[in-house]
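>>> Here is my input, please return the structure:
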Amino acid sequence: MRLSKMVGQRIKETPRDASIPSHIYLIRGGYVRPVSAGIYSLLPLGQRICSRIEELIRAEMNKLEGQEVKLPVVLPEELWEESGRAQAMGPELLRFSNRNENPMILGMTHEEAVVHLVRTEVNSYKQLPFMVYQIQTKYRDEARPRGGLIRVREFTMKDAYSFHSSRENMEEWYERVKEAYERLFRRIGLTDVVTIKSDTGMMGGSESHEMLALADCGEDMVAMSPDGEYCANLEIATADLEFTKEEPQPLEKVHTPEQKTIQGVASYVGVPESKTAKAVFYADENDGLIFVQLRGDLDVNESKLQKVTGASALEFASDEGIRAAGAEPGYASPMDLDENQVKIVVDPSAAESNNLVVGANEPDYHYRNYNYYRDANVGEVADVAMVREGDPCPVTGKPLELRRGIEVGNIFQLGTKYSESMNCEFLDENGKKHPMVMGCYGIGVGRTMAAVIEQSHDDYGPIWPMSIAPYQVHICALDPGKKGVGDIAERIYKDLLEEGIEVLFDDRGEKAGFMFNDADLIGIPLRLIVSPKNVDQNQVEFKTRDGTRREFVSLDEVTAKVKQECEAAGV
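Alright, predicted model coming up:
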């Protein structure tokens, strides 16, 4: 490809709304262009990289005997009503009516669509197990798209769905896909990816894992032991906190005027925050009021709380609602609360600790020496605390590290969540019907491209791994009108193309600095510089984009050199 003809300009200035490397370089390098908030067009460079990623995805899915399909983007809402998700989903699911006033949706995920397809084509245990996959456009009406391709509204995703006659068989397949994903991300060129247990979220099912590309801009937080033996999304991460056991002391009511915060109470009473208990009230639209108690130096993990309570959504309760339940805002505890009016959840940090300072359910008063099992013993004891940096790992006991990551893959053990509600069944060897057991496996294509940049860039642009680079070689012809530079560069270009090597040829005749800046923004792994000075010595300059190697190669050997480099990189 001649750069003079390529659609997509390099931009010198950093875009005003871009703050992370991938967003900056995808815009500046001419890979993507914004159309609307969270919606982007792919330019030729971006499309070539995404196509490379898709080729690698297909190769790994085909190794698993995956069968590629294409499901519709526009779907009748009645399919989602069958699964029960039409009512459960919020405004992120884009809904509309067609000309016949039939309710429709734009697919943000395709479980319902694939179940609808499979139930018409498969009915016998002899056809199981199998997996179908697609690479398709999705739309999620994100409230706050950000970070370029990291969080968008329209995106391309590979989603695969496996169908089984038993949970055991699904779990075996699930492990095979997990291994394939880990292999795939290495092939793509991501340098630091961790596989972690995660919350199943809106997808449902019994178990889920995320593949996170570790990066400072990541939206997901992961808790890791230093040796990597333990790794979990912060939404479900646990810590092996130790609770000091003391002899329970007599309960003592103390005056704490205008002390409504943990910091204020601890300071006023003269104890560390870890010797207090925090009270947090939530309102759930289905179950009313939820009361949470945990140690004062910890925070509530709302994802864990939703799992424990089954709440569909949580928001902080109003003072009026708290008082109606018999508690006092800022001075609450589970003592004397009516379990018929409020759902009570107590974290082990509050249940297992002795002699804490807690609210007295009365303005300006707290209790000293509160012991849960003696003084309250109501509600459910469950882990609903957020893990902190330095908390002891539940596996190794070592201090946990908190790292940020970009979710590039996610897999789920769906079980029969969708097949049962949508009557996707098979006949066993005795002719008896059973719902199919499902697994689901997704990869975000554009987000993966952005994640590669986050892990592989310098101050000048992206450094693409050979496996997904838009081209393998970038030829820079300096002063093409002098000493036959243009003709020599043209010959090298054609020779490389004949060898099946993909080449970008900068034939514009720009000044060296301008040309090299563009080359850095494009980020192709190998670079050939043809200049009058080099031609005088019957050679070209060979460089790698990552700056690790630079040498001069004779004109007669340049094609063989490049071919050798490409073969060594496996392309």
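>>> Please count neighbours and contacts with C-alpha atoms only from this point.
Will do.
>>> Tell me where the stretch 51-200 of the chain has strands.
When secondary structure is read from DSSP state E, counting those that start in this stretch, the stretch 51-200 of the chain shows strands at 66-68, 74-76, 95-97, 103-106, 130-139, 154-164, 193-197.
>>> so can I have JSON lines of those showing mean neighbour count?
Output for the strands of the stretch 51-200 of the chain, formatted as JSON lines (neighbours: other Cα atoms under 10 Å):
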{"stretch": "strand 66-68", "mean neighbour count": "16"}
{"stretch": "strand 74-76", "mean neighbour count": "18"}
{"stretch": "strand 95-97", "mean neighbour count": "15"}
{"stretch": "strand 103-106", "mean neighbour count": "18"}
{"stretch": "strand 130-139", "mean neighbour count": "20"}
{"stretch": "strand 154-164", "mean neighbour count": "22"}
{"stretch": "strand 193-197", "mean neighbour count": "20"}
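>>> Worst mean pLDDT among those strands?
Note on these: lowest mean pLDDT is at strand 193-197, with a mean of 89.
>>> what lines up beside the helix or strand following that strand in the sheet?
Proceeding N to C from strand 193-197, the next assigned helix or strand is strand 207-214, under DSSP states H and E. Partner strands and pairing direction for strand 207-214 (DSSP bridges) are strand 193-197 (antiparallel), strand 401-415 (antiparallel).
>>> what's strand 207-214 in contact with?
182, 190-200, 220, 403-414, 451, 455 (Cα atoms under 8 Å, 6 or more residues apart in numbering).
>>> Tell me what Phe542 is bridged to.
Bridge pairing for Phe542 - DSSP bridges - gives Leu528, Glu551.
>>> Please read the previous query as pertaining to Leu294.
Going by DSSP bridges, Leu294 is paired in beta bridges with Lys278.
>>> Give me the nearest residue to Cys231, chain neighbours excluded.
Met224 (4.5 Å; Cα to Cα, 6 or more residues apart in numbering).
>>> Show me what the one you found bridges to in the sheet.
Met224 has the following beta-bridge partners by DSSP bridges: Cys231, Glu401.
>>> how close does it get to Val193?
12 Å (Cα to Cα, to the nearest Å).
>>> So the residue nearest to Leu212 when sequence neighbours are not counted versus Pro145, what's the distance?
Excluding its sequence neighbours, the residue lying closest to Leu212 (Cα to Cα, 6+ apart) is Glu407, at 4.5 Å. Distance of Glu407 to Pro145, computed by Cα to Cα: 15 Å.
>>> and Pro145, how many neighbours?
By other Cα atoms under 10 Å, 16 other residues sit near Pro145.
>>> Need the pLDDT of the residue lying closest to Gly397 once chain neighbours are set aside.
Closest residue to Gly397 apart from its sequence neighbours, by Cα to Cα, 6+ apart: Asp240 at 7.0 Å. Model confidence at Asp240, expressed as pLDDT, equals 93.
>>> List the contacts of Asp240.
Asp391, Pro392, Cys393, Pro394, Gly397.
>>> and what of Arg404?
The neighbours of Arg404, taking Cα under 8 Å, 6+ apart as the test, are Leu214, Ala215, Asp216, Cys217, Gly218, Glu219, Asp220, Met221, Val222.
>>> Let me know the closest of these to Glu175.
Closest approach between these and Glu175, by Cα to Cα: Val222, at 20.9 Å.
>>> hmm, back to that, how about the contacts of Arg404 in CSV, adding secondary structure?
Output for the contacts of Arg404, formatted as CSV (DSSP: H, G, I helix; E, B strand; the rest coil):
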residue, secondary structure
Leu214, strand
Ala215, coil
Asp216, coil
Cys217, coil
Gly218, coil
Glu219, coil
Asp220, strand
Met221, strand
Val222, strand
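>>> Of those residues, which pair is most distant in space?
Spatial extent of these (Cα to Cα) is set by the pair Cys217 and Val222 at 12.8 Å.
>>> Looking at these two, which is more packed in?
Taking other Cα under 10 Å, Cys217 and Val222 do not tie; Val222 has more neighbours (26 against 17).
>>> Look at the closest residue to the more buried one other than its chain neighbours and say how many residues are nearby.
Counting by Cα to Cα, 6+ apart, Asn233 is the residue found nearest to Val222 once chain neighbours are left out, at 4.5 Å. Using other Cα under 10 Å, Asn233 is surrounded by 24 other residues.
>>> my guess is Asn233 meets Lys197, correct?
Yes - Asn233 is in contact with Lys197 according to Cα atoms under 8 Å; the separation is 6.2 Å.
>>> related to what we said a few turns ago, roughly how far does the residue nearest to Cys231 sit from Glu401?
With distances taken as Cα to Cα, Met224 is found 5 Å from Glu401.
>>> The two: which is more packed in?
Neighbour count, other Cα under 10 Å: between Met224 and Glu401, Met224 has more, with 24 against 19.
>>> pLDDT below threshold where in the protein?
Within the chain, the stretches with pLDDT under 70 are 200-205, 285-287.
>>> right, and the strands paired with strand 207-214 - which one's nearest Asp141?
Across the strands paired with strand 207-214, closest to Asp141 is strand 401-415 (Cα to Cα), at 18.1 Å.
>>> Would you mind listing the buried residues in the closest one?
By neighbour count on 16 or more other Cα atoms under 10 Å, the buried set for strand 401-415 is 401-415.
>>> between it and strand 220-224, what angle do the directions make?
Strand 401-415 and strand 220-224 meet at an angle of 100 degrees, taking axes from the mean of the first three to the mean of the last three Cα atoms, to 10 degrees as the criterion.
>>> How far off centre is strand 401-415?
6 Å (Cα atoms, centre = their mean, to the nearest Å).
>>> On the C-terminal side of it, identify the next helix or strand.
On the C-terminal side of strand 401-415, the closest following helix or strand by DSSP H and E is helix 417-421.
>>> In this protein, which residue is most central in space?
The centre of the chain sits closest to Glu407, judged by Cα atoms, centre = their mean, with a distance of 1.8 Å.
>>> Can you tell me the SS state at Pro306?
Careful, residue 306 is Gln; it's not Pro. Quick answer, by three-state DSSP: Gln306 is helix.
>>> measure it to Asn123 for me?
The value you get for Gln306 to Asn123, if Cα to Cα is used, is 36 Å.
>>> Then Arg95?
32 Å.
>>> With Ala237 instead?
40 Å.
>>> So which of the two has more stuff around it?
For Ala237 versus Asn123, neighbours defined as other Cα under 10 Å are more numerous around Ala237 (26 against 18).
>>> thinking again about what came up before, what residues does the residue nearest to Leu212 make contact with?
Glu210, Met211, Leu212, Ala213, Gly218, Asp220 are the contacts of Glu407 under Cα under 8 Å, 6+ apart.
>>> of all those residues, which two lie farthest apart?
The two members of these with the most space between them (Cα to Cα) are Glu210 and Gly218, at 13.0 Å.
>>> More neighbours: which of the two?
Glu210 (27 against 19).
>>> for the stretch 301-450 of the chain, what spans make up the helices?
302-309, 319-324, 348-351, 372-375, 417-421, 445-455 (DSSP state H, counting those that start in this stretch).
>>> Show me which positions of the second one end up buried.
Neighbour-count burial for helix 319-324, counted by 16+ other Cα under 10 Å, picks out Gly321, Ile322.
>>> what does that helix rub up against?
So helix 319-324 is in contact with Phe281, Leu289, Glu328, Pro329, going by Cα under 8 Å, 6+ apart.
>>> Show the end-to-end separation of stretch 136-146, please.
With Cα to Cα as the measure, stretch 136-146 spans 21 Å from end to end.
>>> oh, I was asking about stretch 21-37
Start-to-end, stretch 21-37 (Cα to Cα) is 18 Å.
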